[in-house]
Each structure stands twice: as structure tokens, then as C-alpha cells.
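**Q** Need a 3D model of the following:
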Amino acid sequence: MTQLPPTVPGPVYSSEAPGATASLVLGIISVVFNIPLVGLILALVGLAKARSARALCDAHPGMFNNAGVAQAGMILSIIGICLGGLSTLCGCGYFALIFFALMGAAGGAGAGGP
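**A** Below is the predicted model:
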């Protein structure tokens, strides 16, 4: 009976770039749940994570296999930035319209005239 020598495991590398999956999740959340200002912030964080993951994948080719996930997270984050910016502007405009309508109603009610 022959006994094999014990094998020493080599260094274990992660096959996924850190931040790629998080950028995809943040991009999806920012597009699906497009809440003014919150969606914009989530999309900006997702874009930052996607850029760092893509840079890591480009710096070490062959080490990480989810560069496509980082690319999808970047695209969804850019779409989320556009939608989040638009919804934030529309939300601010809506509140400004209500504010000016209330101020106009309050100003018109006080002018009793002769």
C-alpha cells in the first residue's frame, strides 16, 4: 500500500472581483426603486464600486472572471443616475409648485381691497 505525500494547497484566489456584485445590486435597486435622492445616491455608490471592480479586472486579467457583472453594474448605475437625477428634479419642482401655490393663496387671501 503506497501512501501519497500530503499536498500543500497553493494560494487561493477569489474568482470574483470585489465590488462587482455589489455594484450590480445597487444598480438594480436604483433603477427599480427610483426614490428621489435615494436612488441617485445608490447609483453613485454603485458606479464607484463598478469602476473599481473593472479597474481591478483590467489590472489582473485572468484572475477575476466577473468583469461582465461589473460592466452590467456600471451600465445600470448610469441609468440609475439618469433616472435618479430626473426624479429628484421632478420632486423638487413638485414641492416648489406646491410652495408657490400655497404662498399665492396666502397672499391673495390677505389682500382684502376696498
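**Q** Please make it C-alpha for all contacts and neighbour counts, starting now.
**A** Noted.
**Q** List the residues that contact the residue positioned nearest the centre of the chain.
**A** Nearest to the geometric centre of the chain sits residue 43, at 2.2 Å (CA atoms, centre = their mean). Listed by CA atoms under 8 Å, 6 or more residues apart in numbering, the contact set of residue 43 reads 26-27, 30, 76-78, 80-81, 84.
**Q** between those residues, which is closest to residue 37?
**A** Of all the contacts of residue 43, residue 37 sits closest to residue 84, with 6.4 Å by CA to CA.
**Q** where does the closest one fall, phi/psi-wise?
**A** The phi/psi pair for residue 84 (degrees, to the nearest 10) reads phi -70, psi -40.
**Q** For it, grab the count of nearby residues.
**A** 27 (other CA atoms under 10 Å).
**Q** Residue 50 versus the residue lying closest to it once chain neighbours are set aside, what's the distance?
**A** Leaving aside its sequence neighbours, residue 84 sits nearest to residue 40 (CA to CA, 6 or more residues apart in numbering; 4.4 Å). Going from residue 40 to residue 50 by CA to CA, to the nearest Å gives 15 Å.
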